[in-house]
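J.: this one's structure only:
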């Protein structure tokens, strides 16, 4: 199945009634429905999502839409629908994940999914000017990292915080860790510790620059058997991919795409 020009399998308004239970949750508890949708999509902790993502429907819808390769636009699609129809959006996301299934397999152990960027000196004394600029403009730094990570405009990512950015970095790159402890509790408790926040953001920044576009959003050009001039872009289904899937791990065998 090609995810390049895919469309929503559940319509925004009429599709709300495809599942009565999802419809009730989305109508009366849209924040919980949004948290459940993200948890089912990437296996993240539902309590963490309630705390950190329940008030960010635009980020969650864009994240899930891009993960499934559903065509659409950030401004005219994600922004308008989440602003004027939050209940319908939450219900649509739940129904869509029920139809397609989860996309990302969470890695709990950091040894199974480590940070790959080379270790650097992230101490505050290493670059005092950079440390002061990052900590004094933390929301701008977080927005820039989120924008690079999910390839969205800065105005979309401006509301992202450090907890969300670190969490999305782990999920998209298959890095192990605990959602509540590593992505929420420690960054929140140490929010006043400028050195800790600086080290955290710089570690995420190095990882994003080192790995590039996350595998879930990578397109692979597959040559058609009829000739090399016909190119068919495809997305890697991460649920079937190896831990560190790259374009080099994909081979064409008898016209079929198979991941090793």
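T.: Looks like it came in fine. Because the structure is a prediction, the values reported are computed rather than measured.

J.: now do residue 98 against residue 117, distance only.
T.: To residue 117, residue 98 is 36 Å away according to CB to CB, to the nearest Å. The C-beta positions use only the backbone N, C-alpha and C, and glycine is treated the same way.

J.: brain fart, residue 200
T.: For residue 200, the distance to residue 117 equals 13 Å [CB to CB].

J.: contacts for the biggest helix by length in the chain?
T.: The single longest helix within the chain, with elements called by DSSP state H, is helix 194-211. Where contact means CB atoms under 8 Å, 6 or more residues apart in numbering, the residues beyond helix 194-211 that reach it are 115-118, 120, 122-124, 130-131, 134-135, 138, 141-142, 145, 148-149, 162, 165-166, 169, 173, 175, 187, 190-191.

J.: just the ones of those in strands?
T.: Among the contacts of helix 194-211, no member falls in strands (DSSP state E).

J.: filter those down to the buried ones.
T.: 115, 117, 122, 124, 131, 134-135, 138, 141-142, 145, 148-149, 162, 165-166, 169, 173, 175, 187 (16 or more other CB atoms under 10 Å).

J.: ok, the nearest residue to residue 37 once chain neighbours are set aside - contacts?
T.: Nearest residue to residue 37 in three dimensions, chain neighbours excluded: residue 93, at 3.8 Å (CB to CB, 6 or more residues apart in numbering). Contact analysis of residue 93 by CB under 8 Å, 6+ apart lists 33-34, 37, 41, 60-61, 64.

J.: from these, which land in helices?
T.: Per DSSP H, these map to helices at 33-34, 37, 41, 60-61, 64.

J.: so which of the residues you listed comes closest to residue 109?
T.: Set against residue 109, the nearest of the ones in helices among the contacts of residue 93 by CB to CB is residue 41 (20.7 Å).

J.: and the closest one, how many neighbours?
T.: 24 (other CB atoms under 10 Å).

J.: list the residues that contact it.
T.: 63-64, 67, 93, 97, 102-104 are the contacts of residue 41 under CB under 8 Å, 6+ apart.

J.: distance of it from residue 212?
T.: As for residue 41, its distance to residue 212 is 22 Å (criterion: CB to CB).

J.: got the buried residues for the helix or strand where residue 80 lies?
T.: Residue 80 is located in helix 80-84, with elements delineated by DSSP states H and E. By 16+ other CB under 10 Å, the buried positions in helix 80-84 come out as 81-82.

J.: which elements pack onto it?
T.: helix 57-67, helix 86-100 (3 or more CB pairs under 8 Å, 6 or more residues apart in numbering; DSSP states H and E).

J.: got a list of contacts for it?
T.: Taking CB under 8 Å, 6+ apart as the rule, helix 80-84 contacts 12, 57-58, 61, 88-89.

J.: redo that, cut-off 6 Å
T.: 57-58, 61, 89 (CB atoms under 6 Å, 6 or more residues apart in numbering).

J.: give me the below-cutoff pLDDT ranges for the stretch 1-150 of the chain.
T.: 1-5, 110-111, 121-123, 125-126 (pLDDT under 70).

J.: could you redo the last one with a cut-off of 50?
T.: For the stretch 1-150 of the chain, applying pLDDT under 50 flags the ranges 1-5.

J.: residues near residue 39, how many?
T.: 21.

J.: now do the same contact list for it.
T.: 46, 49.
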